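In: A predicted structure for the sequence below; I have some questions about it.
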Amino acid sequence: MAESFGNFFTVVQVTGDDTKTQIWIAVAKPSQAVTLVLAAAPEGSTAEVLRVALTPNQQRMFEELNLEPGDVHGLDRAYIG
């Protein structure tokens, strides 16, 4: 039986070959989020889960993206303040 992704947001920092970083979110457990994000990120990227507490405003903004369990989304700086 497949493991459930969960229904909460995990924040992931992605670093590309050029050493620039991006912030992504995954609707998944932290143990699954890195794999999901790396599958969508540019080849050669590395990723790590960021242990951050989301503000209520960030939580609402992420919810408005209407992501499903297992989805990932790259964020621009407006989402992370």
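Out: Yes, it's here.
In: tally up the residues packed near D17, please.
Out: Neighbourhood size, D17 [other Cβ atoms under 10 Å]: 10. Quick note: C-beta positions are derived from backbone N, CA and C, even for glycine.
In: which residue is the nearest non-sequential neighbour of it?
Out: G44 (4.4 Å; Cβ to Cβ, 6 or more residues apart in numbering).
In: quick one: pLDDT of A78?
Out: Predicted confidence (pLDDT) for A78: 52.
In: count the residues that sit near the residue nearest to D17.
Out: 10.
In: for the one 5 residues further on, same thing?
Out: By other Cβ under 10 Å, 16 other residues sit near V49.
In: cool, and A28?
Out: 26.
In: skipping adjacent residues, who's closest to it in space?
Out: Per Cβ to Cβ, 6+ apart, closest to A28 is F5, 4.4 Å.
In: confirm that that neighbour sits in a strand.
Out: No: F5 is assigned coil when assessed by DSSP: H, G, I helix; E, B strand; the rest coil, not a strand.
In: so who does it touch?
Out: F5 makes contact with 27-29, 32, 69-70, according to Cβ atoms under 8 Å, 6 or more residues apart in numbering.
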